[in-house]
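Undergrad: Prediction below, plus the sequence it came from.
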Amino acid sequence: MKTVGVSIAVPEPYFSALQQMRRNVGDPQADAVPPHVTLMPPTDLGEQGETTLEALSAHLREVAARTEPFEMILRGTGTFRPVSPVVFVQLAQGVSSCELLEAAVRGGPVERPLEFRYHPHVTIAHHLDEDALDRAFEENKHFEASFVVDAFHLYLQDDDGVWAPVERFALEG
């Protein structure tokens with residue numbers, strides 16, 4: 001079975017900085033999960049994996065073709081605690097563009113109900129103890145980044161839990 005996800009990759013030099021934030025607080029996922037803004041969370045494609053993957057790719061090409069590039073600004077930290085043990089970098093700009101893009105991505109051939117209402121963010125600490133989560137929140141509260149989102153990616157998760165981009169979809173709208 002294939003597990004896929006669709007995300008906006010954070011470019012360098014911010015990619016490395018965000019990855020280091022996760023390493024600094026001991027997050028074991030720091031090197032397995034590239035810094036990103038999720039558009040479709042991890043989704044199991046089931047028994048029809050290859051066929052579904054082809055249909056999903058075609059759908060994502062259509063979504064990208066009608067979506068314009070947009071500016072994203074990341075600024076400061078936030079958390080989903082106490083509901084979920086996550087600390088993240090917040091989006092100060094680009095939220096509505098991400099919401100529209102996420103709805104379009106999830107409106108395709110792969111159904112993926114959400115556990116929580118969509119809230120675009122970049123995770124920097126996940127499932128750690130309270131002290132590590134507090135540190136991630138405090139040490140990174142002044143982080144800021146600005147870049148143009150001109151693409152999103154389809155990712156596959158390997159047997160070791162590492163996520164790798166397999167296809168890039170340029171925003172052309």
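TA: Cool, the structure landed.

Undergrad: list the buried ones in whichever strand or helix holds A136?
TA: For A136, the element it lies in under DSSP states H and E is helix 130-139. By neighbour count on 16 or more other C-beta atoms under 10 Å, the buried set for helix 130-139 is 132-137, 139. For the C-beta atoms, the positions are set from N, CA and C on the backbone; glycine is no exception.

Undergrad: mind listing the strands for this structure?
TA: Per DSSP state E, the chain carries strands over the ranges 3-9, 36-44, 70-79, 86-93, 121-126, 144-149, 151-157, 163-170.

Undergrad: Make TSV out of those and add mean neighbour count.
TA: Shown next, in TSV, are the strands of the chain (neighbours: other C-beta atoms under 10 Å):
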stretch	mean neighbour count
strand 3-9	22
strand 36-44	19
strand 70-79	18
strand 86-93	20
strand 121-126	24
strand 144-149	15
strand 151-157	20
strand 163-170	15
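
Undergrad: Format the ones you listed as CSV; extra columns: distance to L53.
TA: Listed next are those as CSV, based on distance: least, C-beta to C-beta, whole Å:
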stretch, distance to L53
strand 3-9, 7
strand 36-44, 11
strand 70-79, 27
strand 86-93, 28
strand 121-126, 25
strand 144-149, 23
strand 151-157, 8
strand 163-170, 9
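
Undergrad: Looking at those strands, which is nearest to L101?
TA: Taking C-beta to C-beta, strand 36-44 is the member of those nearest to L101, at 5.8 Å.

Undergrad: I would like the residues contacting that closest one, please.
TA: 1-10, 72, 91, 98, 101-102, 105-106, 110, 112, 114, 120-122, 152, 157 (C-beta atoms under 8 Å, 6 or more residues apart in numbering).

Undergrad: Could you report the distance from V83 to A170?
TA: When distance is defined by C-beta to C-beta, to the nearest Å, V83 is 35 Å away from A170.

Undergrad: An error on my part: the question was meant for P42.
TA: Distance from P42 to A170, by C-beta to C-beta: 23 Å.

Undergrad: cool, and V87?
TA: For V87, the distance to A170 equals 31 Å [C-beta to C-beta].

Undergrad: mind checking the end-to-end distance for stretch 71-85?
TA: Terminal residues of stretch 71-85 lie 28 Å apart, using C-alpha to C-alpha, to the nearest Å.

Undergrad: what pLDDT, on average, does it get?
TA: Average pLDDT, stretch 71-85: 97.
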